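**Q** Test case, fold it:
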Amino acid sequence: LDWWQADRYCEQHFAQLLLEPQDSEQDSFSKLLQSHHIRGSVWLKERDSVLHKTKRRRDHTVPVLVFRDKTDTKYVKVLSDFPALPAVTACAHLQWDTRTQEIATIFSYAVPAFINEFQLRGFVDEEGFVRFALIVHGHHSPYLPVFRADGQWHHFCVTWQQENGTWAIYADGKRRASASGLCSVGPSAPQAIFGQGTFIIGQDQDSLGGTFRAKESFSGNITDLHIWQKVLGAEQIEKVRSCWVVEQDLVFGWSSNALEVESTVQAVTTQLLCPGPVEECRVLEVGSRGFSYASCLQTLPFICRYSKDAYWQLKRAQLESSHSLGSRVNTLAVRTVIPDSVFTSAVQDMNLSVALDALDVLATVLREGEVPVLEPSDLLAVLQLLKQVSDIEVQEGDELEMLEQLGQNYIEITELILEEQNIGTWSSISQVIRGPMAVVELCDRMVSLLVPLLTAERTKITIQHRNVGLHRVTVKNMWFGYGSLQRCLSGTGTSAVSQDTAASDRGQKYLSAAVGTAVISSALLSGSQEISTSVRYRLQHRVQVPSRGCNFHVFSLFLLHVSPDAGGMWSTAGCSVMMSLPDSTACFCNHTTNFAILLQVYEMQRTTKEEFTLQTLTFIGCGVSFCALIVTFILFLVVRVPKSERTTVHKNLIFALAAGEALLMFSELAKTNQVLCFMVTAFLHLFFMAAFSWMLVEGLLLWSKVVAVNMSEGRRMKFYYVTGWGLPVLIVGVTLATSFNKYVAAKHCWLNVQTNIIWAFVGPVLFILAVNTFVLLRVVMVTVASARRRSKMLTPNSSLENQVGTQIWATAKPVLVLLPVLGLTWVCGVLVHLSIVWAYVFIVLNSLQGLYIFLVYAIYNSEVRNAIQRMKDKKKA
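**A** Residues are numbered from 1 along each chain as shown. Predicted coordinates:
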């Protein structure tokens, strides 16, 4: 199967797609693959990766116009009033007839004042490419290749705007040609494309609406033509190609009712498979034991992985099952809705009608109480069916009443399986489904299917069954009644509050809590895609009746964090309480970056408390460091420290480090904007890389003082500037050029760990740290030897204790002075994976690097102090 189907298959069978095998698992894993005669590649799910969201590809059913041969009679007229067009975009799907190489007119738009007002023509060249040319006000662009004449469906868009005569031709989502100056000079320059004209598909008009010639006619198939009175951007064109109609400024939308079709032109209906973005997924190369990436849409073998506990619980549920629910539902439906085994059932690609029938029968059986208490196998079968239904794809033309009824049935079934009598059943499958919060995640997926119900007239949807419901506006919200989940939570042996976030009072931990508000799951949508941004909530508290003799207090508040891998338990991750009142609580949810991710070469899972501590340390440390660096930089400029190589290098290092830390502190503000986040990541990469390059220069400068270097000062400074700024620009430029689409991480505005782009930073940093470590060792050796000689000359009869003390200070002094500018404290960054303690040490040392530089190179720098003293003396004089 392809990656998405394989992942869905494993999920529907309560398993996970195989993770990367650990080194210790490699041998047994190889034997397993050999026993199944598997060669080549198998799909993998990456460890600690962000949960993949399926990029759905939809079958798009559309009417197609068939122009069988080149004739002077076949034409289709667009029955639409066209306004004046200062800008225009026309897009369509096209199948080119490869039998002819003559020029063909895809469409022509004529007005009384100008017959060739707006036209698209094309032909097949000798190399087998279809070439397009755009005509506006009679001005002709060159014929340029856009796609191969291979008889396949291709999507194209052409754009033009009056300003500068800028035009472009896109094919299959890529810009194939663009220029300016098409009809931007001469008397027609200020004119838009005239309105109230005649638009003909398949023919060139030599008179208004007629006089066609066979040799200039179109031969092939065309569908899905849309015209806008504006220039669409590349992102919008990609949406149109993926069958999303951009409604804003749409002049003509494809519809059989808006076309006058000549009798010999055949109109048929076909299904187009709308493309989704090409994504790469992880694969294991079976023979070489290596890992690589392949297009997620390839079909490859795969393996589903169970934990042992979950597997045996599933087995036990199957063996002990009486199949009472399955047999009752299957008999009523007169087909297999619930299979005998959750292991062997195939992935059902349901359509809306089949899904509605299945849920209708299941809801009837559960509602009538024919199976009073669900067996473990019954509950698993119901959850498996809900998973399958939430994966269906709603097609254009599906009846909206059916879709709404499907939502009603879905919500009713989720309520019925959360009834109090099923508490024991949830407990018995706790290793397979970690608590009833799995239902919340399933409902969340179901909500996304209801998008077509929203229209300009109907802006809000509410579907409810007793204690469970969902509410759909711009924000996708879900709520569950207090009782529905509370009963199951307390019955599964899992507390509502997890151990690591439990509130404590007088040393005693309370590991159980009542649900204090209606549980919600929420996501923001732009179009049909989820977007990540900060959200503020106000949640109403559950009304509590105080027990006799006691006062009830809400002592701790938690938000629901739905995570399928963790079973969807309670967490405070990324959320904080803004205001708590007796009747409600206001919360702010966000995600922030901490310093430790800069040298993190793979994703780490940390507790909420650890993340909060890291974020707090980062922000405070970077803030102090940034202020200290700015003050140091200003001191170097203002107090007129004598100009030297050393002060020049210090100033460049301070500038690069301050710029990087300032960007890092506020990088999360850019996370919601993809373009801005990309730019912030590139500049973070550049400035931190520059900071390390100047640390390398500090090391080279020190080396030149310790070991004689035969190079003039002027040549040395040129070399230092090339190293300090040229090297970072080169590294960032090459990284962007080779890995543009894999550059930014999914969860932070920083380099991507999953695609190994992080090594474009970590690799050079490790090299620089190795060089500077060698330089420091050499400096310490020279300093110690010098101190020993001086000690013997000045105090030849000093005690052994004094000599040892002198040697220790001679060793410690250069280490303390040189550590911040040589960047050796960053070595701790490589160790953050070993323990959270190293992450704390790394953040404290490096986020305060600027303060250290301020103290050593400004406050205790004799040159700076002497310069300040000279300024004081001059002022006094």
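**Q** and the gap between residue 733 and residue 674?
**A** To residue 674, residue 733 is 21 Å away according to Cβ to Cβ, to the nearest Å. In this view, the C-beta of every residue, glycine as well, is placed from N, C-alpha and C.
**Q** now residue 309
**A** Between residue 309 and residue 674 the distance, using Cβ to Cβ, works out to 41 Å.
**Q** repeat for residue 690
**A** 25 Å.
**Q** Give me the more crowded residue out of the two.
**A** The residue with more neighbours, out of residue 690 and residue 674, is residue 690; 25 against 13, by other Cβ atoms under 10 Å.
**Q** Tell me which helix or strand the more buried one sits in.
**A** Using DSSP states H and E, residue 690 sits within helix 674-706.
**Q** chain center to that helix, what's the gap?
**A** Taking Cα atoms, centre = their mean, to the nearest Å, one finds helix 674-706 lying 27 Å from the centre of the chain it belongs to.
**Q** cool, and stretch 116-130?
**A** Mean C-alpha position of stretch 116-130 versus that of the full chain (Cα atoms, centre = their mean) differs by 39 Å.
**Q** Please list the outside residues in contact with it.
**A** 85, 88, 90, 96, 98, 100-111, 131-138, 143, 145-150, 154, 158, 160, 193-194, 197, 204, 216 (Cβ atoms under 8 Å, 6 or more residues apart in numbering).
**Q** Please flag which of the residues you listed sit within strands.
**A** Among the contacts of stretch 116-130, the ones falling in strands (DSSP state E) are 88, 90, 96, 104-111, 131-136, 145-148, 154, 158, 160.
**Q** When you filter those residues down to buried only, what's left?
**A** Taking 16 or more other Cβ atoms under 10 Å as the criterion, what is buried in the ones in strands among the contacts of stretch 116-130 is 88, 90, 96, 104-111, 131-136, 145-148, 154, 158, 160.
**Q** isn't residue 374 right next to residue 422, touching?
**A** Yes - between residue 374 and residue 422 there is a contact under Cβ atoms under 8 Å: 5.1 Å.
**Q** I'd like the mean pLDDT over the longest helix along the chain, please.
**A** Using DSSP state H, we find that the single longest helix of the chain is helix 759-794. The average pLDDT for helix 759-794 rounds to 80.
**Q** how about it: buried residues?
**A** Buried residues in helix 759-794, defined by neighbour count with 16+ other Cβ under 10 Å: 760-762, 764-766, 768-769, 771-772, 775-776, 779-780, 783-784, 787, 791.
**Q** which stretches of the stretch 151-300 of the chain form helices?
**A** Remark: helices assigned in the stretch 151-300 of the chain by DSSP state H, counting those that start in this stretch are 234-241.
**Q** where in it is pLDDT low?
**A** For the stretch 151-300 of the chain, the stretches with pLDDT under 70 are 184-190, 275-279, 287-289.
**Q** Is residue 657 in contact with residue 849, as I believe?
**A** Yes - using Cβ under 8 Å, residue 657 is in contact with residue 849, at 6.9 Å.
**Q** Give the residues shared as contacts by those two.
**A** residue 625.
**Q** who has more neighbours, those two?
**A** Looking at residue 657 and residue 849 with other Cβ under 10 Å, you find the greater number of neighbours at residue 657, namely 28 against 23.
**Q** Which strands or helices does the strand or helix carrying that one pack on?
**A** Here residue 657 sits within helix 645-665, counting by DSSP H and E. When contacts are defined as 3 or more Cβ pairs under 8 Å, 6 or more residues apart in numbering; DSSP states H and E, helix 645-665 packs onto helix 608-638, helix 674-706, helix 713-721, helix 849-854.
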